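K.L.:
Sequence first, predicted coordinates after that:
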Amino acid sequence: MLHTIKNPQVREIAIKLREKYGDTAPTKKEVRAALSATPRTERSYTLDTATDEIYRRLTALAEFGAVPFRAEARLGRAVTDHEMRGLRRTKPLSNELPGRLLEHKCIKPRTTYLNLYRHNDGGHTALQVAFTDDPAKVGVSSERKADWEVYRGKFKGWAYDITTTTITLPRLWRNRVFDRGLHAVDGMMCLDASQLDGAPQGVELFAARWVVQGRGYEVRCEEGFVARQGEVAHHGSTPRSALQGLKRKQAAAEAVALAETALQLPFEQLVRRLGSATEKLFVDVKDARAVGACEFGITSWCHRVGLDYAAGRAPFAQVFEKYLEVPAVEARAAMLYVLRRHRKKLAVAA
C-alpha cells in the first residue's frame, strides 16, 4: 500500500522499487541511490526522510504484506516503531485450515504451562507444543543455550540466554486431560491421564504423566498415578501411595479447616498479627508431608519459588513470603500445621 505516500515523486519511486525487488526489500543504500536522482525541490522531503519512509514501507510489505498499512488506515496515522516491533513478534495465523486448528489446539496447553512454571526472564523463552499418537513420546524437554551474537556495542561480551522448551502431548490431550480438569493439579501440568478401575467409590484413579519444576528453568517429566476425590488430589509413584496420600490429605484438610475456623482470622492476617513471634519458626519438608502434600508437588513448588528443597527446611517468614508469590494450598496448610504445633509458644488458641 504505497499510494498513501503523499509526495507523488517519492510515491512513484517507491512503486518502481517495489516492482523491481518484488517480495524482497531493498537496502537503505539502494533506496537512497534511487532517490538521489530526484531533485530536492520535487521531493518535498529531505533525502534522509524520504529514504526512511520508503525503506520502512517496503520492508514492512516484504515481511507482513499489507498488515501495517491496514493498521495505519484504521488508526488514521503512521504505525510507530514500537507498534512495528509488536507486529514483528506477532505470528499471523496460518491461511490453511489444518494450520489454524493446530495453532488453536496449542493455546490451552501453552497457557497452562506458562502459568505454572518459571520463565527465562533474563533472555528469551521459546515454548513449543507438539502432538503425537505414540504414548511413549509424551513428555517434556528443555534446552538452554547462550547466544553471544545478539548484544552489540557496549553490551558486547554479554550472553543472551535462550531457553527452548518442548512439550509433547497426546493428540487428544483436550479430551483426555483438560476436559477432566486434570490439566493443572497441585501446581503441576498433566501431560496425559488414563483412568483406572479398582479405586474406592467416589475416588478417581489415573495413570498419568506430569511436569515437575526443576532447578532454575529446568523441567522434567514424571510418571505415576493421581488419585482424586472432589477438589483434592494426590500424586504417587504407585496406585497404593496415591490413594493413601489422598486419605492423609483429606484428613489434614479437615484439620486445617477446623484450625482456621477456631482462629477466626484469615491466614495472611493471622501471620501478620503474629509478626516477630514467627522469627524462630521453621517449616520442614516433613510438615508438608504431614498435611498430605505429595513429594512431587513439594519439590516442584520449592524449585518454582526458589527454596532449597535439599536443605529440608526454611524459615517461616521466607516460606510465607514465597507463598504470597505462588499461593499453593499445601504451603498454607504446612504453615498452619507449624503454627498449631507451636500454639502454646505463640499463645494462639487452635
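P.N.:
Noted; the coordinates are in hand. These numbers were taken from a predicted model, which means no experiment stands behind them.
K.L.:
mind checking how far R228 is from P170?
P.N.:
19 Å (C-beta to C-beta, to the nearest Å). All C-beta atoms are positioned from the backbone trio N, CA, C, and that covers glycine.
K.L.:
again, but for I107
P.N.:
Counting by C-beta to C-beta, the gap from I107 to P170 is 17 Å.
K.L.:
Look at the two and report which has more neighbours.
P.N.:
P170 (21 against 10; other C-beta atoms under 10 Å).
K.L.:
OK, contacts around that one?
P.N.:
Contacts of P170 were listed using C-beta atoms under 8 Å, 6 or more residues apart in numbering, and they are 131-133, 135, 138, 176, 191-192.
K.L.:
Neighbours of V203, how many?
P.N.:
The tally of other residues near V203 (other C-beta under 10 Å) stands at 16.
K.L.:
Read off the pLDDT value for it.
P.N.:
V203 is assigned 92 on the pLDDT scale.
K.L.:
shouldn't it be in contact with V226?
P.N.:
No. Counting by C-beta atoms under 8 Å, V203 sits too far from V226 to count as a contact (10.8 Å).
K.L.:
Of the contacts of P170, which pair is most distant in space?
P.N.:
The span of those, defined through C-beta to C-beta, is set by D133 and L191 at 14.3 Å.
K.L.:
Just the strands from the stretch 151-300 of the chain, written as ranges.
P.N.:
Secondary structure of the stretch 151-300 of the chain (DSSP state E, counting those that start in this stretch): strands located at 160-170, 184-185, 188-196, 204-213, 219-229, 232-236, 282-284.
K.L.:
what about those, which gets the closest to E325?
P.N.:
strand 204-213 (13.4 Å).
K.L.:
Tell me which other helices or strands the closest one touches.
P.N.:
With contacts taken as 3 or more C-beta pairs under 8 Å, 6 or more residues apart in numbering; DSSP states H and E, strand 204-213 sits against helix 97-116, strand 188-196, strand 219-229, helix 239-263, helix 295-305.
K.L.:
any idea which of the ones you listed scores lowest on pLDDT?
P.N.:
Lowest mean pLDDT within the helices and strands packed on strand 204-213: helix 239-263, at a mean of 78.
K.L.:
ok, how many other residues are close to A199?
P.N.:
A199 sits with 19 neighbouring residues when counted by other C-beta under 10 Å.
K.L.:
what's the answer for T278, then?
P.N.:
Residues lying near T278 (other C-beta under 10 Å) number 22.
K.L.:
What are the neighbouring residues in contact with the closest residue to it other than its chain neighbours?
P.N.:
Distance criterion C-beta to C-beta, 6 or more residues apart in numbering; nearest residue to T278, sequence neighbours excluded, is F316 at 4.6 Å. Applying C-beta under 8 Å, 6+ apart, we find F316 in contact with 278-279, 281-283, 335, 338.
K.L.:
beta partners for G139?
P.N.:
When bridges are taken as DSSP bridges, the partners of G139 come out as T168.
K.L.:
measure it to I162 for me?
P.N.:
G139 is 21 Å from I162, by C-beta to C-beta.
K.L.:
Any stretches of this protein with poor pLDDT?
P.N.:
Residues of the chain that meet the criterion pLDDT under 70 lie in 1-7, 40-44, 60-79, 81-100, 120-125, 255-265, 344, 346-350.
K.L.:
tell me the domain ranges of it?
P.N.:
Domain assignment for the chain by automatic domain parsing gives 8-89, 97-241, 249-346.
K.L.:
Tell me if I'm right that K108 and V177 touch.
P.N.:
No. Counting by C-beta under 8 Å, K108 stays clear of V177, with 9.7 Å between them.
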